[in-house]
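Peer 1: Build me a structure from this.
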Amino acid sequence: MLLMATSPGRGGGSNVLNAAKNGFPYFGGNIVANFSLPSFNHNFSNNEVINEELKKELIEKMNLLEMTLNNEGE
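Peer 2: Sure thing, here's the model as predicted:
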């Protein structure tokens, strides 16, 4: 599972993300990575993350999730 959160502020939904990180394992969730997108209105446009550093981080975490899922299927 890749947990993601965002908000219009600089916290990037950190309270919700932390609650999910702490809670999902109790329900059997296998958290592989998490991603927080702060300042949504400044970092997201035209259906994509426009901040290059955050975009790179998201892609890396999505790749990690894909690798994990592919390894579980073997």
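
Peer 1: What ranges does this structure have for its helices?
Peer 2: 14-23, 40-43, 52-72 (DSSP state H).

Peer 1: Nearest to residue 7, out of those?
Peer 2: helix 40-43 (6.3 Å; Cβ to Cβ). Where you see a C-beta, it was placed from the backbone N, CA and C, and this is true even at glycine.

Peer 1: buried residues in that closest one?
Peer 2: Of the residues in helix 40-43, 40, 43 count as buried by neighbour count, 16 or more other Cβ atoms under 10 Å.

Peer 1: please begin residue numbering at 7 from this point
Peer 2: Right, with 7 as the first residue, what we last looked at is helix 46-49.

Peer 1: Let me know the average pLDDT across that helix.
Peer 2: Mean pLDDT, helix 46-49: 96.

Peer 1: For the helices of the chain, give me TSV that also has distance to residue 8.
Peer 2: Conversion of the helices of the chain to TSV gives the following (distance: least, Cβ to Cβ, whole Å):
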stretch	distance to residue 8
helix 20-29	11
helix 46-49	17
helix 58-78	5
